[in-house]
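Asker: Sequence and predicted model, in that order:
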Amino acid sequence: MNFVSVRIITSDVQRLVRFYGEVTGMPVTVYTEDFAELTTPACTLAIGSTRTLMLFGGDIARPADNHTAILEFRVGDVDAEFARLSDLIKSTTVQQPTTMPWGNRSLLFRDPDGNLVNFFQPVSAEAIRKFDR
């Protein structure tokens, strides 16, 4: 088995496409007005409109109502990313760059739908070994 994707359901696909394209600096492929994907070497972030829920049987998810998951992106330099994105995320920053007890430097902010996003960088020897396997 291989975990390959997380899908965010939103009422505004284009807004999230613009946001994730800007914060990651990566292209987001828009397949239809209801579905897009940001593909990284490790995983894909899919963005689906509320209309796609009908294909799964109806009202099974609510946009902008995530209270449990954090979307995590490994970056090369958390502090540089914070400086680059400070204007874009200044009103939605949850935690400025901080070194966590488990050895990652972390920047936590929210996307336009309120989903938590973590940009992290392994900084301790143990965390670096873990992520460089």
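Answerer: On my side now, so go ahead.
Asker: in what helix or strand does K130 lie?
Answerer: Applying DSSP states H and E as the criterion places K130 in helix 125-131.
Asker: An error on my part: the question was meant for S106.
Answerer: S106 belongs to strand 104-110, assigned by DSSP H and E.
Asker: that older thread, and the contacts of the helix holding K130?
Answerer: The list of residues contacting helix 125-131 from outside it, by CB atoms under 8 Å, 6 or more residues apart in numbering, reads R74, W102, G103, N104, P122. Where you see a C-beta, it was placed from the backbone N, CA and C, and this is true even at glycine.
Asker: If we use 10 Å, what do you get?
Answerer: Contact partners of helix 125-131, identified using CB atoms under 10 Å, 6 or more residues apart in numbering, comprise R74, T99, M100, W102, G103, N104, R105, F120, Q121, P122, S124.
Asker: Return the set of buried residues in it.
Answerer: Within helix 125-131, the residues that qualify as buried by neighbour count (16 or more other CB atoms under 10 Å) are A127.
Asker: Quickly list the domain ranges of the chain.
Answerer: Residue ranges for each domain of the chain read 1-59, 66-133, as given by automatic domain parsing.
Asker: in stretch 50-59, what counts as buried?
Answerer: Of the residues in stretch 50-59, those with enough neighbours to count as buried (16+ other CB under 10 Å) are T50, T52, L53.
Asker: closest to V94 among those residues?
Answerer: Checking the buried residues of stretch 50-59 against V94 with CB to CB, the nearest one is T50 at 25.1 Å.
Asker: The closest one and L16, how far apart?
Answerer: If you measure T50 against L16 using CB to CB, to the nearest Å, the figure is 12 Å.
Asker: wait, which of the buried residues of stretch 50-59 is closest to S91?
Answerer: Using CB to CB as the measure, the one of the buried residues of stretch 50-59 that approaches S91 most closely is T50, at 24.7 Å.
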